[in-house]
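# Show me how the following folds:
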Amino acid sequence: MLTPDYNKYIELIQNFNNDKITVLVGIETDDGIYYLQIMEYGNLKNMCRFYNLQSVHDERYPEKFLMEQYTNKINLTRDEIKEIFNFSLTTCIENNIEFIWHRPPGWKRDDVTIPDMRVINEYCKSEFIWI
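Numbers count the residues shown, from 1 in each chain. The predicted structure is shown next:
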């Protein structure tokens, strides 16, 4: 994940609710409701509580595992996810902040540039993205 605007991004999201972890967006697919795990930010206490090692035998997506172990709830709804996360997509759009995500050829679609996909202006325009 690359951006020339990392310092600007961090400066802007520091004004968000500090009791929540900040992520870019939520995702909803046939596999469930979770969040895009490419840029998380939060206070040290929450981040230490959020990150735990996932067993190799645990078949959940890492994002689902992290949310469920953090909240001690399973199959969280959008509203429950909004209780634990701030979403920063709107801030990125308003401040012209872009992230570049290097992706393999298998991610190729008509609406994303591969290998260097633009997260805000390409990927986050997908129908499964929500905030």
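# Against residue 37, how distant is the closest residue in space to residue 54 that isn't next to it in sequence?
Distances taken as Cβ to Cβ, 6 or more residues apart in numbering place residue 65 nearest to residue 54, at 4.8 Å, with adjacent residues excluded. C-beta coordinates here come from the backbone N, C-alpha and C atoms, glycine included. For residue 65, the distance to residue 37 equals 10 Å [Cβ to Cβ, to the nearest Å].
# spatially speaking, which residue is in the middle of this structure?
Nearest to the mean C-alpha position of the chain, counting by Cα atoms, centre = their mean, stands residue 36 at 2.9 Å.
# Kindly state the pLDDT recorded for that one?
Confidence at residue 36, expressed as pLDDT, is 96.
# can I assume it is in contact with residue 25?
Yes - if you go by Cβ atoms under 8 Å, residue 36 and residue 25 touch, sitting 5.1 Å apart.
# which neighbours do those two share?
124, 129 (Cβ atoms under 8 Å, 6 or more residues apart in numbering).
# Dihedrals phi and psi, residue 35?
With angles defined as degrees, to the nearest 10, residue 35 shows backbone torsions of phi -140, psi 160.
# who touches it in this structure?
So residue 35 contacts 23-27, 63, 67, 81, 85 (Cβ under 8 Å, 6+ apart).
# cool, residue 37 as well?
So residue 37 contacts 23, 62-63, 66 (Cβ under 8 Å, 6+ apart).
# which one of those has the most neighbours?
Greatest neighbour count in the contacts of residue 37, by other Cβ atoms under 10 Å, goes to residue 23: 26 neighbours.
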